[in-house]
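Peer 1: just the structure for this:
(one chain, ligands or ions: 1)
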Amino acid sequence: MNSCVDGKKTLGWLDFHPAPTKPHFKVPHGAVDAHCHVFGPGPQFPYAPERKYTPCDAGKDILWALRDKLGFSRNVLVQATCHGTDNSAILDAITHSGGRAKGVASVKPSITDEELTGLDAGGIKGVRFNFVRRLVDPVPQDVLLKLVDRIKPFGWHIVIYFEATDLPELFNFIADMSIPVVIDHMGRPDVTGSSESSAFKQFLDLMTSPHVYSKVTCPERLSLSGSPTYDDFVPFAQAVIAHAPDRVLWGTDWPHPNLKSHMPDDAWLVDMIPRIATSTEMQRKLLIDNPMRLYWPEEIS
Ligand code: 0GY
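Peer 2: So this is what the prediction gives:
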């Protein structure tokens, strides 16, 4: 596996898998990869000066090839902190996706209504709030709530990223939200513990709110038991899916930014799907019905 290289400088973060294999699990026709990113290329779409890591360039054409190889039909592109609030790379990718990609932006609280309208026209369906302190300085909740009021007329939702230790502080903020909220990576539970712990019970409690969704994603980030089967991740994802089958989403997280020790073959991640969503009905909800409701509602008959 290569490390990212910037000019002659090796950056230390791992590059995405150079040759993912074909998964054994065949995803249903129309499946959505609802959490992935495009990065750069740096000269065309520069990285944010305030970034905490520099990703390997990972452009749209490589993502579309991966989508096809894994058998997916559509992608949701989530803005990561390395691009700050400049959403140009994902907007460019959406424009060149033939209608097969939508996006989630990061914005400054000072964004104008005109700029929001432009993002909406460009295929943005939500705003990401990031509370992960190693990545950003969180914005105060009252400031974010003003933004929620402003995006509500667009029919967008919030995507929220936080670590499990911050759930108690964020519980009411999320539970009281007046628009849908999608939680990244199940709120990053400690999967070395029990899926029946009080901390994870609190997460499942939050998931009883009818506007709260979760991505059952990122075994490669959360697991300590490791690849290719990531067994410790499975009971957590199973519990979330069983608890709220109509409000779970799945994604690859390609190109897996900010990883330094382990990079998955994306086929391993796809092969996790039937282990966490164990019936064809659950798989259809996870991969098609739920993401289509949030990202392509106009195509639901
Ligand atoms: C992820 C994970 C990470 C990074 C970001 O916005 C970001 O920079 O999301 C991470 O370091 O945990 O899912 O993309």
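
Peer 1: CA atoms for contacts and neighbours, from now on please.
Peer 2: Will do.

Peer 1: Thr21 and Ala175, how far apart?
Peer 2: Using Cα to Cα, to the nearest Å, we find Thr21 at a distance of 40 Å from Ala175.

Peer 1: more neighbours: which of these two?
Peer 2: Under the neighbour definition other Cα atoms under 10 Å, Thr21 and Ala175 were set side by side, and Ala175 has more, 18 against 14.

Peer 1: mind listing what the more buried one touches?
Peer 2: Counting by Cα atoms under 8 Å, 6 or more residues apart in numbering, Ala175 makes contact with Leu206, Ser209, Val212.

Peer 1: among those residues, which are located in helices?
Peer 2: Among the contacts of Ala175, the members found in helices (DSSP state H) are Leu206.

Peer 1: and which of the contacts of Ala175 is nearest the ligand?
Peer 2: Nearest to the ligand, judged by Cα to the nearest ligand atom, of the contacts of Ala175 is Val212 at 18.1 Å.

Peer 1: surely the closest one meets Asp205?
Peer 2: No: because the distance of 10.3 Å does not satisfy Cα atoms under 8 Å, Val212 is recorded as not touching Asp205.

Peer 1: so between the two, which is more surrounded?
Peer 2: More crowded of Val212 and Asp205, by other Cα under 10 Å: Val212, with 22 against 13.

Peer 1: for the more buried one, give me its contacts.
Peer 2: Contacts of Val212 by Cα under 8 Å, 6+ apart are Ile174, Ala175, Pro180, Val181, Val182, Ile183, Leu206, Arg247.

Peer 1: just the buried residues from those, in PyMOL please.
Peer 2: Typed into PyMOL, the line below selects the buried ones among the contacts of Val212, using 16 or more other Cα atoms under 10 Å:
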select buried, resi 174+175+180+181+182+183+206+247
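
Peer 1: what would the contacts of Val212 look like in a markdown table with distance to the ligand, secondary structure and pLDDT?
Peer 2: Formatted as a markdown table, these follow (distance: Cα to the nearest ligand atom, whole Å; DSSP: H, G, I helix; E, B strand; the rest coil; pLDDT from 0 to 100):
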| residue | distance to the ligand | secondary structure | pLDDT |
| --- | --- | --- | --- |
| Ile174 | 19 | helix | 98 |
| Ala175 | 22 | helix | 98 |
| Pro180 | 19 | coil | 98 |
| Val181 | 16 | strand | 98 |
| Val182 | 13 | strand | 98 |
| Ile183 | 11 | strand | 98 |
| Leu206 | 20 | helix | 98 |
| Arg247 | 18 | helix | 98 |
